[in-house]
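1. 3D model of this:
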Amino acid sequence: MAHTINATAQRHLKRNFSLGVLNGAFFNFFSALLDPSLVLSWFVSQLTTSNFLIGLIMPIQSGGWLLPQLLVSGYLQRRQRKLPFYSCMAGARVAIWGLMTLAVFFIEDAAVLLVVFFTLLTVYSLSAGLAGICFVDIVAKAIPATRRGAFFGWRLFLGGLLAFGGSLLVTYILDEGRGLAFPDNYAVLFLFAFFILCVAMGCFILTVEPLEPVNEERITLGRQFRRALDLPRRDSNYRRFLTMRLLLMGAEIATPFYIVYAKRALSVPVSMVGVYLMGTTLASFASNLLWGRISDRQGNKLLLILSSALGLLMPLTALSIGPLADLWPGLGEFAPGLFALVFVLSGGYKSGTMIGNLNFLLEITPPDDRPIYIGFTNTILGIALLASSVGGLIVDMAGFTVLFSLALAFYAVALFLTLRLQEPRRC
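-> Take a look at the predicted model:
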């Protein structure tokens, strides 16, 4: 696969690298303020006791980003310039989050607010997904393979610095003892996040998009689907990679319920949301540059092995703390603090897989087929993620232990498949 970029990209590399890093830093700041497994899960748990609805947050947010990409891959594949389409979707995302903020400020009925929240979250996520394939394609054209680890590492590193301050802000704003009761505290948090999103989107819109030759043949949606379905059959390394990603996605069924378990089983106060977010942020911040260095110098297979191992430790830790507290009663008062380890592991895992998964896919993808590989991968993952909404039903029917054990099994098999991937730089 191509590991170089063209002359235009070389000329604007410093500008595009810097703007892309700033975009990522501010967007990761935005994402940390509205962490779906902590901040948004707690928000919805204040409006409803339904585990099913709490479990829908991550499938809608991430699944909405992933699902529509194959649908637009044929349209985008024959267009040299992807940035105009990205810009339109960026404007839509900003407008939608502005409406979300107004809704939390002015809607008092919990049931109505729930409906509006999930509706706007779905539309926002779909808009982000339509922009996502453009973002990845532009990055692949603008940043060489041997700099992408550093690129994503710096995005996450600087985002981690901002997000650490954001975690303090979340702790302060959500602490009802300081004067802001629910949902006013969340309305203020959403408003702050809205302004951060505006800055993040503006940075990437200012990048200079390099142009590459494209296949201008008009491809019907049906033909694009048939070509996409043939990719795993023709490419064994891609098939193993896709299966591994599906297993990791399956393990995500437990992620929104770590904080719910802490709230219900360990009786943690709302102020611990900010503490847990701080643990996630610090772990992500501390690991990002290491992950980027491993990606650039040793390759993304090693990075995926290490981050998958961290994922395996998350449900294992969650399963262990409760029984240990029962075994040693004196440990019980420290259990809420010990549970922060789950979110520390989550921070390292998320940043490692974010860098490794995307960079591995870009390196095994032929440039002229990049949109269909990206679109197919993300659409399949989106379907799988929507299926993961059963996490809430599993909790209702069998409890947290069964849910965390199932996630542990998914992580274990994914780690095994990761060991069998072929490092593309050695192919």
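
2. going forward, measure contacts and count neighbours with C-alpha atoms only.
-> Will do.

3. State the distance from P256 to P59.
-> 10 Å (Cα to Cα, to the nearest Å).

4. Same check on L22?
-> From L22 over to P59 (counting by Cα to Cα), the distance is 27 Å.

5. Looking at these two now, which is surrounded by more residues?
-> P59 (27 against 23; other Cα atoms under 10 Å).

6. can you pull the buried residues of the helix or strand harbouring the more buried one?
-> According to DSSP states H and E, P59 maps onto helix 51-66. Judged by neighbour count using 16 or more other Cα atoms under 10 Å, the buried positions of helix 51-66 are 51-66.

7. Using PDB, list the CA coordinates for that helix.
-> C-alpha atoms of helix 51-66 as PDB (Å, rounded to 0.1, in the frame of the first residue of the first chain):
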ATOM      1  CA  ASN A  51     -31.500   0.200  31.600                       C
ATOM      2  CA  PHE A  52     -32.500  -0.300  28.000                       C
ATOM      3  CA  LEU A  53     -32.500   3.500  27.300                       C
ATOM      4  CA  ILE A  54     -29.300   4.000  29.200                       C
ATOM      5  CA  GLY A  55     -27.800   1.300  27.000                       C
ATOM      6  CA  LEU A  56     -28.900   3.000  23.800                       C
ATOM      7  CA  ILE A  57     -26.700   6.000  24.300                       C
ATOM      8  CA  MET A  58     -23.400   4.500  23.000                       C
ATOM      9  CA  PRO A  59     -25.000   2.500  20.100                       C
ATOM     10  CA  ILE A  60     -26.800   5.600  18.900                       C
ATOM     11  CA  GLN A  61     -23.800   7.900  19.200                       C
ATOM     12  CA  SER A  62     -21.200   5.600  17.700                       C
ATOM     13  CA  GLY A  63     -23.500   3.500  15.600                       C
ATOM     14  CA  GLY A  64     -25.000   6.600  14.000                       C
ATOM     15  CA  TRP A  65     -21.400   7.700  13.100                       C
ATOM     16  CA  LEU A  66     -20.600   4.400  11.600                       C
END
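
8. So what touches that helix?
-> With Cα atoms under 8 Å, 6 or more residues apart in numbering as the test, helix 51-66 has contacts from 36-37, 40-41, 44-45, 118, 121-123, 125-130, 132, 253, 256-257, 375, 378-393, 395-396.

9. any low-confidence regions in the chain?
-> Applying pLDDT under 70 to the chain picks out residues 1-5, 69-71, 73-75, 77-78, 176-179, 212-221, 325, 329-332, 386-389, 426-427.

10. Pick out the residue closest to the middle of it.
-> The chain has S62 as the residue nearest its centroid, 6.6 Å off, counting by Cα atoms, centre = their mean.

11. For that residue, give its distance to E252.
-> 10 Å.

12. okay, and the common contacts of these two?
-> In contact with both S62 and E252: L385, using Cα under 8 Å, 6+ apart.

13. name the helices or strands packed onto the longest helix anywhere in the chain?
-> Counting residues, the longest helix found in the chain (DSSP state H) is helix 110-142. Judged by 3 or more Cα pairs under 8 Å, 6 or more residues apart in numbering; DSSP states H and E, the packing partners of helix 110-142 are helix 7-11, helix 13-33, helix 41-47, helix 51-66, helix 69-77, helix 83-106, helix 370-387.

14. and the angle from that helix to helix 51-66?
-> Counting by axes from the mean of the first three to the mean of the last three Cα atoms, to 10 degrees, helix 110-142 lies at 30 degrees to helix 51-66.

15. Farthest pair within the buried residues of helix 51-66?
-> Greatest spacing in these, by Cα to Cα: N51 and L66 (23.2 Å).

16. I'd like the distance from stretch 47-65 to the chain centre, please.
-> Chain-centre distance of stretch 47-65: 14 Å, with Cα atoms, centre = their mean, to the nearest Å.

17. Check stretch 291-300 too.
-> 20 Å.

18. Export it to CSV, keeping only CA atoms.
-> In CSV, the C-alpha atoms belonging to stretch 291-300 read as follows (Å, rounded to 0.1, in the frame of the first residue of the first chain):
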residue,chain,number,x,y,z
TRP,A,291,0.8,4.9,21.3
GLY,A,292,1.7,7.3,18.5
ARG,A,293,5.4,6.4,18.8
ILE,A,294,4.6,2.7,18.7
SER,A,295,2.3,3.2,15.7
ASP,A,296,5.0,5.1,13.7
ARG,A,297,8.0,3.0,14.6
GLN,A,298,6.9,-0.5,15.4
GLY,A,299,3.6,-0.6,13.5
ASN,A,300,-0.1,-0.8,14.4
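
19. Name the residues that touch it?
-> 145-154, 302-303, 351-352, 355-357, 359-360, 423, 425.

20. same check, this time on stretch 271-280
-> Applying Cα under 8 Å, 6+ apart, the contact partners of stretch 271-280 are 32, 35, 38-39, 164, 167-168, 170-171, 174-175, 259, 340-341, 343-348.

21. Please pick the buried ones from those.
-> 32, 35, 38-39, 164, 167, 170-171, 174-175, 259, 340-341, 343-348.

22. Now, those that are in strands?
-> Secondary structure defined by DSSP state E assigns none of those to strands.

23. circling back to that earlier point, got the helices and strands packed on helix 110-142 as a markdown table, with distance to L406 columns?
-> Below are the helices and strands packed on helix 110-142 laid out as a markdown table (distance: least, Cα to Cα, whole Å):
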| stretch | distance to L406 |
| --- | --- |
| helix 7-11 | 45 |
| helix 13-33 | 26 |
| helix 41-47 | 20 |
| helix 51-66 | 15 |
| helix 69-77 | 28 |
| helix 83-106 | 34 |
| helix 370-387 | 14 |
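
24. Of all the ones you listed, which one is nearest P336?
-> helix 41-47 (15.8 Å).

25. Can you work out which other helices and strands pack against the closest one?
-> Under the contact definition 3+ Cα pairs under 8 Å, 6+ apart, helix 41-47 sits against helix 51-66, helix 110-142, helix 257-265.
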